[in-house]
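Trainee: predicted model follows, preceded by the sequence.
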Amino acid sequence: MSKYILALDQGTTSSRAIVFDKQGNIKSIAQKEFTQIFPKPGWVEHDAVEIWSTQAGVAAEAIASKGLDMEDIAAIGITNQRETVVVWNKNTGKPVCNAIVWQDKRTSNYCDELKADGKSKMIKEKTGLVIDSYFSGTKVKWILDNVEGAREKAENGELLLGTIDSWLVWNFSKKQKHITDVTNACRTLLFNINTMDWDDELLELLTIPKSMLPEVKQSSEIYGHTKSTFFDCNIPIAGIAGDQQAALFGQMCTQKGMVKNTYGTGCFMLMNIGNKPIVSKNNLLTTVAWKINGKTTYAFEGSVFIAGAAVQWLRDGLKIIRNSSEVESLANSVEDSDGVYFVPSFAGLGAPHWNQKAQGTMFGLTRGTTDAHIARATLDAIAYQSMDILKAMEADAKITIKELRVDGGATVNNTLMQFQSDVLNTKTVRPKVIETTAMGAAFLAGLAVGFWKSEEEIQEIWQIHETFKPSKKRKKIEKNIKGWYKAIAALEYWTNN
Ligand SMILES: Nc1ncnc2c1ncn2[C@@H]1O[C@H](COP(=O)(O)OP(=O)(O)O)[C@@H](O)[C@H]1O
Ligand SMILES: O=P(O)(O)OC[C@H](O)CO
């Protein structure tokens, strides 16, 4: 039997390919950044052809660089930046325009109109989402309304749409398969998470012809085989999940109440809520976590827009550190932030506050404030913002979380992880392999082809690297947390008056 699984992790800034062995060890890794296109303020685009070529290129490189053969790969799992959408011509295979990226805000005004039209409740109940330009549906409507000839061609059945997983599978299968999985479908604003199907009322509202839509599949099954020129043999494509859901699976948060937080540019926190699509009462999203063997699992999701990006601002904006890793020693050169609070809401505040207009703010500065206090307040802010989401999840699920599983680039920062544990008063657990997104995709693909026999077998692979336990100084921590809430309240006042 083939010895490896190939995971393709198509992210917002780079395409990556990772080869995993049966024990979950990384055998090989290849990565390539691609172009970020900013045609106007608030607009973010990607060249879908460049996405495809970089992704196929790193896949081939990851295999060849370690002297592996295609026959060594038992299956491919795909995980991807979510919501980013491509519309392409069915006959030529060419995109009609650049992909519109999840960060793109060009449909914000239209989203405001939908809200003013009283559509929020219906959309939340059907999709689990809030009305926001973040999701794919309004982006597709924009393409049909603004790209010359697109609507006519779409109505003639000549155009297809897809999130990045669909686009990749279409190309890997040489235009044979137009599919997506439930975790990507549920981020489009067009998919009903109760019926687990495309929703006619939503399609009509956004004027999107049904013929453009991919067939919706489970997250773990054989969808088809590679046929592209990049692969000289037919490898089964057997797992697909959006990157945050893949990370939840890669962290083995397979029981109700288990939570993971990914610390990158922003933070994405997901909690497994079991097999019912509960609507959040605390401003969280409800999303499909995965569907395996006919059984759907759901999750609550909340995101922090600016997390590691605040550390980048210390580096590139304030220039008080030369690289991201220096933030830890600088922050540790003082005992605490000495009453300084930094709310890094450069792009508004995400869940559970959802304040689009919020801007970054600092409170509590004195003549004695130094760059070290600001560095400390920056790390604190990442932890406080994540705390706000976790508290909302606890309130919605009516449970106390026992541990938070963490991954992503900023989790190397032990000071941040310790403070996270302190403010949550909960264990923070960092696994050995922090490539959990790719690992989740590999697990999903491996399960479908019998490379791994069961979830129980995979559980053995997930291993703890380090556990951070809450500090005993509860009084001081509670006082600090109160200060954070005051800062948020003051910021809300500032933006709303
Ligand atoms: N030691 C560190 N402490 C805090 N933040 C860090 C550290 N190292 C990297 N980061 C932050 O982590 C982010 C990169 O993580 P990554 O998971 O690669 O993010 P993404 O997938 O969003 O690009 C950057 O925003 C960077 O500033
Ligand atoms: O590509 P990432 O890791 O920044 O993730 C993007 C998310 O999927 C957006 O919802």
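Mentor: Yep, it's here. Ligands and ions are numbered 1, 2, ... in the order given.
Trainee: what parts of the stretch 251-400 of the chain come near ligand 2?
Mentor: For the stretch 251-400 of the chain, the residues in contact with ligand 2 (C-beta under 6 Å from any ligand atom) are G264, T265. Every residue, glycine included, has its C-beta placed from N, CA and C.
Trainee: what sits closest to R322 if chain neighbours are left out?
Mentor: Leaving out its chain neighbours, the residue that sits closest to R322 by C-beta to C-beta, 6 or more residues apart in numbering is R315, at 6.9 Å.
Trainee: so for the longest strand anywhere in the chain, mean pLDDT?
Mentor: Using DSSP state E, we find that the single longest strand of the chain is strand 295-304. If you average the pLDDT over strand 295-304, you get 96.
Trainee: so what does the next helix or strand after it touch, helix or strand wise?
Mentor: Sequence order places helix 308-316 as the next helix or strand after strand 295-304, per DSSP states H and E. The contact analysis (3 or more C-beta pairs under 8 Å, 6 or more residues apart in numbering; DSSP states H and E) places helix 308-316 against helix 326-332, helix 371-397.
Trainee: from the contact counts, what lies against the first one?
Mentor: With contacts defined as 3+ C-beta pairs under 8 Å, 6+ apart, the packing partners of helix 326-332 are helix 308-316, helix 371-397, helix 414-424.
Trainee: give me the contacts around it.
Mentor: 311, 314-315, 320-321, 371-372, 375-376, 378-379, 413-416 (C-beta atoms under 8 Å, 6 or more residues apart in numbering).
Trainee: keep only these that also lie close to ligand 1.
Mentor: Restricting these to those near ligand 1 - C-beta under 6 Å from any ligand atom - leaves V311, N413, L416.
Trainee: out of these, which end up buried?
Mentor: Among these, those classed as buried by 16 or more other C-beta atoms under 10 Å are V311, N413, L416.
Trainee: gap between the residue of the chain most remote from its centre and V259?
Mentor: What lies farthest from the middle of the chain is R367; by C-alpha atoms, centre = their mean that is 40.0 Å. Per C-beta to C-beta, to the nearest Å, R367 is found 41 Å from V259.
Trainee: now render the helices and strands packed on helix 326-332 as a markdown table, adding mean pLDDT and distance to G302.
Mentor: Below are the helices and strands packed on helix 326-332 laid out as a markdown table (pLDDT from 0 to 100; distance: least, C-beta to C-beta, whole Å):
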| stretch | mean pLDDT | distance to G302 |
| --- | --- | --- |
| helix 308-316 | 93 | 17 |
| helix 371-397 | 97 | 4 |
| helix 414-424 | 96 | 14 |
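Trainee: in TSV, list these along with distance to Q23.
Mentor: Shown next, in TSV, are the helices and strands packed on helix 326-332 (distance: least, C-beta to C-beta, whole Å):
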stretch	distance to Q23
helix 308-316	29
helix 371-397	31
helix 414-424	25
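Trainee: of all those helices, which lies closest to S280?
Mentor: helix 371-397 (5.0 Å; C-beta to C-beta).
Trainee: returning to what we had before: which of the helices and strands packed on helix 308-316 is buried the deepest?
Mentor: Most buried of the helices and strands packed on helix 308-316 by mean neighbour count (mean count of other C-beta atoms under 10 Å) is helix 371-397; its value is a mean of 23.
Trainee: now the strands for the stretch 1-150 of the chain?
Mentor: For the stretch 1-150 of the chain, strands defined by DSSP state E, counting those that start in this stretch occupy the ranges 4-10, 14-20, 26-33, 45-46, 73-80, 85-89, 99-100.
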